[in-house]
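**Q** can't give you the sequence, but here's the structure:
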């Protein structure tokens, strides 16, 4: 499965920055990408933080790994936490 990767940097409520990728199937709308990112922010206790084209930018297209593809089939997207991301608040976050 081909997927689009959106490089995302969000300032957390404590003023530090978290970096994560929103990974979606090719053809997803940008509104969907932002909604998926906002859903992730809510699940990690960062609801209400700005997530716009300024924070979330298309990076590249790649072939999804089996783990990423399974998550996309289950949830519609995959979040790859890269730096400064809060510790997940529930097992639901395990991708």
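**A** Sure, I can see it. Bear in mind that the values here come from a model prediction, so they are computed numbers and not experimental data.

**Q** who's the residue nearest to residue 26 when sequence neighbours are not counted bridged to?
**A** Leaving aside its sequence neighbours, residue 26 sits nearest to residue 2 (CB to CB, 6 or more residues apart in numbering; 4.6 Å). C-betas here are computed from N, CA, C, even on glycine. With DSSP bridges applied, residue 2 shows beta-bridge pairing to residue 63.

**Q** Give me the distance between residue 2 and residue 71.
**A** According to CB to CB, to the nearest Å, residue 2 and residue 71 sit 15 Å apart.

**Q** of those two, who's got more company?
**A** More crowded of residue 2 and residue 71, by other CB atoms under 10 Å: residue 71, with 19 against 10.

**Q** Can you list the buried residues in stretch 29-44?
**A** Residues of stretch 29-44 classed as buried under the neighbour-count rule (16 or more other CB atoms under 10 Å) are 33-41, 43-44.

**Q** residues near residue 57, how many?
**A** Neighbour count for residue 57, taken as other CB under 10 Å: 10.

**Q** ok, now which ones touch it?
**A** Contacts for residue 57 were tallied using CB atoms under 8 Å, 6 or more residues apart in numbering; they are 6-8.

**Q** Same check on residue 17?
**A** Each residue near residue 17 by CB under 8 Å, 6+ apart is listed here: 9-11, 83-84.

**Q** And the strands in the chain, which stretches?
**A** Applying DSSP state E to the chain gives strands spanning 2-11, 17-25, 56-63, 78-83.

**Q** Between strand 17-25 and the shortest one, find me the angle.
**A** Put plainly, it is strand 78-83. Here the directions of strand 78-83 and strand 17-25 differ by 160 degrees (axes from the mean of the first three to the mean of the last three CA atoms, to 10 degrees).
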